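*Asks:* what follows is a predicted protein model with its sequence.
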Amino acid sequence: MAEHKIILLVEDEPLLANLLKQRLEKEGLKVLLGRDGEEALRILRDTKPDLILLDIILPKISGFELMETLRNDPQFEKAPIIILSNLGQDVDVAKGQSLGAIQYFVKAKVSIEELVEEVKTFLQTNKS
């Protein structure tokens, strides 16, 4: 990937956040880390990432609330979002999809390598 793609990773679990950040950076991606929904919104005011990796269970503003906010903002209504969550119930997946998530991964069912491959594939097929 020639140009640096920007990923906004919104994850409050420090170990997973740091592992994912390091692994994505190893692929040449720039990763901005938000530890809660409010911090993610602050980052989004200054940056338009190519992809948002979003946890749902977050302090302050949940991932679903963040998605609703973004979908009501013309600047971010089409922002690509991949959900990475411990919530794996059908109702949660359906809600994520209804809010426009392009993918929904349950943390316990996906490896970091699989996730990195999904991110790379998305970025390569959606050059903008």
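*Replies:* Yes, it's here.
*Asks:* can we go C-alpha only for contacts and neighbour counts from here?
*Replies:* Fine.
*Asks:* so what pairs up with the residue most central in space within the chain in the strands?
*Replies:* Of all residues in the chain, the one closest to the mean position by C-alpha atoms, centre = their mean is residue 53, 1.1 Å from it. Here residue 53 shows beta-bridge partners residue 9, residue 82, assigned using DSSP bridges.
*Asks:* quick one: the helices in this structure?
*Replies:* Taking DSSP state H as the test, the helices found in the chain are 14-26, 37-46, 63-71, 90-98, 112-125.
*Asks:* for the last one, packing partners?
*Replies:* Okay, so that is helix 112-125. helix 14-26 (3 or more C-alpha pairs under 8 Å, 6 or more residues apart in numbering; DSSP states H and E).
*Asks:* then the helix it packs on to CSV, C-alphas only?
*Replies:* What follows is helix 14-26, C-alpha atoms only, in CSV (Å, rounded to 0.1, in the frame of the first residue of the first chain):
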residue,chain,number,x,y,z
PRO,A,14,-5.4,-1.8,26.4
LEU,A,15,-3.8,-5.1,25.6
LEU,A,16,-6.0,-5.8,22.5
ALA,A,17,-5.7,-2.1,21.4
ASN,A,18,-2.0,-2.1,21.5
LEU,A,19,-1.7,-5.5,19.8
LEU,A,20,-3.9,-4.5,17.0
LYS,A,21,-2.3,-1.1,16.7
GLN,A,22,1.2,-2.6,16.4
ARG,A,23,0.0,-5.3,14.0
LEU,A,24,-1.7,-2.8,11.7
GLU,A,25,1.3,-0.4,11.8
LYS,A,26,3.5,-3.3,10.7
